[in-house]
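Participant: pasting the sequence and the predicted model now:
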Amino acid sequence: MGQFPRQRLSLVLDLKELSVETSIERALSPALDSNCVQETGPICITDMLVLVQDSTHWLQIEPLTSTVQGVTMFRHRTPKGSYECTVSGLRWLCERDVILKYHFRNWDPYSQLLKDMQYTQGGPLLDITMELGELEEVHLPHFVCLGTNPSLRNEMKILHVEEHGVSLEEVHEVTRFHAKILHPKFSPFSLILSLLSWDVDVHCELMLYLTVKRETLISRLYLFPWNPGQIQAVEQQEKSHGSSRFLISRPEQSFKLNSSFRLNIPCSTSINPPRIHFIQRDTTPSFFKAIVKMTGVDIEMELFSDDERTVWKEIVSRDEYVTDTRSTSAVSGAGRPAESSLTGSPEQQLRSVRTEFVIRVSGPVLNELLDRLLQHTVINQEEMESVKVIAERTEKARDIIDMMLRKGTESSSRMINLLGELDPCLYTELQINSVGVPT
């Protein structure tokens, strides 16, 4: 493999000449329309001022994952085409086969440098290495809301952090969630995205998790600038708690960095902390922790800004959390899946729950299931990679369960046992019961 230039790339925003433009005429200017295109991701009302149709089709693909010294590594091998990683939001266009790998990195080593240069981060910090080939384009994810201040796109730069100093380069194009770079060259160090201004409006992410302990419901509501690295960190942390994630609506507006918010849940007995500052963190994002007694009522949530305006409201109905907490009782209670009622051979059980499994199993569980099946030599490396490149979650689930059925009793039994370890809730709901093959 050839040697790449030893430099780091960063998208930055210059504060020194930052001017806030709020008029609708400016927001709808032709220059902005040519650069701000519609993309998949969190959307707010202010985005509607600047959206036009994205002419490029991006094939969403899940990365192959591995863990090296506690760090999750992502790897893609793709032929000619345009792709978007479902985990990082990174996009790339290639004219021939490429292999790229990357992982999320901590911002701490660069925080003082950015501060001295009057910059701040504006998205995930990615360490990217090309193992094969080169990219025609790379689109770096960011979380700035261009709808509230279209002039921000003119302040974005590419920062090269080299061995003997730094340099700035113009961004080729900026869209709602990405900054486009043509013919990028990556060093083994890092490719970073950064934006400047504590007064900038950014897209946010809200994630709600519920945990049941006896007659108490514990809710954790995470609030942070949209960042796939942070989403991954939250998911990993909550998985260790045996919590269930509930899909909730996003706010219909962007939030200003460094603003603060207060959460109100009328039926809660306590909410801590009283307020959360909306900032980007290198560690797990801040969250509100609320204690609710299991009284069988709908859980109403309301988020207030600094000036006590309501910026977000949500209701988790009793039917949702009561149904879910019944299945999670196996996690918070005995610590192992409950006894199931299905009988018959492992193949018969898998066939009977095939449709439900395909509908309900999550993408992360499928990926971990593949890793464990490989670990137990139920499948080989080639079989694992052939399944992991399938972008559609339901198709991936069908491929896995059908592969185990073709392999017979022992493989089917191992899959059932591993599912019980990786997703006790789904295991309990499917009411399957493997026998004869320990994992």
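Facilitator: That came through, no problem. Numbering: from 1, shown residues only.
Participant: next up, the contacts around Leu303.
Facilitator: By Cβ atoms under 8 Å, 6 or more residues apart in numbering, Leu303 lies in contact with 223, 251, 261-264, 310-313. Placement of C-beta: from N, CA and C, glycine included.
Participant: also His241?
Facilitator: Per Cβ under 8 Å, 6+ apart, neighbours of His241: 209, 211.
Participant: ok, and the closest non-adjacent residue to Pro364?
Facilitator: Among residues not flanking Pro364 along the chain, Glu235 sits closest, at 6.7 Å (Cβ to Cβ, 6 or more residues apart in numbering).
Participant: what sits against the residue positioned nearest the centre of the chain?
Facilitator: In the chain, the centroid-proximal residue (Cα atoms, centre = their mean) is Pro228; its distance is 3.7 Å. Taking Cβ under 8 Å, 6+ apart as the criterion, Pro228 is in contact with 87-89, 104, 124, 141.
Participant: just grab the bridge partners of Pro141 for me.
Facilitator: In this structure, Pro141 bridges to His178 when assessed by DSSP bridges.
Participant: phi, psi of Ser244?
Facilitator: The phi and psi values for Ser244, taken as degrees, to the nearest 10, are phi -110, psi 130.
Participant: what about it, neighbour count?
Facilitator: By other Cβ atoms under 10 Å, 19 other residues sit near Ser244.
Participant: about what we covered before: which ones among the contacts of Leu303 map onto strands?
Facilitator: Among those, the residues falling in strands (DSSP state E) are 223, 261-264, 310-313.
Participant: buried members of those residues into PyMOL, please.
Facilitator: Selection of buried members from the ones in strands among the contacts of Leu303 for PyMOL, criterion 16 or more other Cβ atoms under 10 Å:
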select buried, resi 223+261+262+263+311+312
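Participant: which of the ones in strands among the contacts of Leu303 lies at the shortest distance from Val365?
Facilitator: Ranked by distance to Val365 (Cβ to Cβ), these are led by Leu223 at 25.6 Å.
Participant: double-check that Ser82 belongs to a strand.
Facilitator: Yes - assigned with DSSP: H, G, I helix; E, B strand; the rest coil, Ser82 falls within a strand.
Participant: wait, what's in contact with it?
Facilitator: Contacts of Ser82 (Cβ under 8 Å, 6+ apart): 56-59, 91-93.
Participant: and the pLDDT for it?
Facilitator: pLDDT recorded at Ser82 is 94.
Participant: and the residue nearest to it when sequence neighbours are not counted, how many neighbours?
Facilitator: With Cβ to Cβ, 6+ apart as the criterion, Ser82 has its nearest non-adjacent residue at 4.8 Å, and that residue is Leu93. By other Cβ under 10 Å, the residues close to Leu93 number 19.
Participant: same question for Val358.
Facilitator: Neighbourhood size, Val358 [other Cβ under 10 Å]: 18.
Participant: which secondary structure elements does whichever helix or strand it is part of contact?
Facilitator: Taking DSSP states H and E as the criterion, Val358 maps to helix 346-360. Contacts defined by 3 or more Cβ pairs under 8 Å, 6 or more residues apart in numbering; DSSP states H and E place helix 346-360 against helix 393-407, helix 409-422, helix 424-430.
Participant: I'd like those as JSON lines, with mean neighbour count, distance to Ser244 and mean pLDDT appended.
Facilitator: Output for these, formatted as JSON lines (neighbours: other Cβ atoms under 10 Å; distance: least, Cβ to Cβ, whole Å; pLDDT from 0 to 100):
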{"stretch": "helix 393-407", "mean neighbour count": "18", "distance to Ser244": "18", "mean pLDDT": "89"}
{"stretch": "helix 409-422", "mean neighbour count": "22", "distance to Ser244": "14", "mean pLDDT": "88"}
{"stretch": "helix 424-430", "mean neighbour count": "21", "distance to Ser244": "7", "mean pLDDT": "79"}
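Participant: of all the ones you listed, which lies closest to His203?
Facilitator: His203 sits nearest to helix 393-407 of all the helices and strands packed on helix 346-360, at 23.8 Å, using Cβ to Cβ.
Participant: against which helices or strands is that closest one packed?
Facilitator: When contacts are defined as 3+ Cβ pairs under 8 Å, 6+ apart, helix 393-407 packs onto helix 346-360, helix 363-375, helix 381-388, helix 409-422.
Participant: from the chain's centroid, how far away is the last one?
Facilitator: Using Cα atoms, centre = their mean, to the nearest Å, the mean C-alpha position of helix 409-422 is found 27 Å from that of the whole chain.
Participant: between helix 393-407 and it, find me the angle.
Facilitator: On the basis of axes from the mean of the first three to the mean of the last three Cα atoms, to 10 degrees, helix 409-422 is oriented at 140 degrees to helix 393-407.
Participant: distance of the closest residue to His183 other than its chain neighbours relative to Asp97?
Facilitator: Closest residue in space to His183, ignoring its immediate chain neighbours: Glu136 at 6.6 Å, by Cβ to Cβ, 6+ apart. For Glu136, the distance to Asp97 (Cβ to Cβ, to the nearest Å) stands at 13 Å.
Participant: and those two? Which one has more around it.
Facilitator: Remark: of Glu136 and Asp97, Glu136 carries more neighbours, 15 against 11, as counted by other Cβ under 10 Å.
Participant: tally up the residues packed near Glu215, please.
Facilitator: Glu215, neighbours per other Cβ under 10 Å, totals 8.
Participant: er, Glu368 actually
Facilitator: 18.
Participant: same question for the one 5 residues further on.
Facilitator: Residues lying near Leu373 (other Cβ under 10 Å) number 23.
Participant: can you pull the pLDDT of it?
Facilitator: Looking at Leu373, its pLDDT stands at 93.
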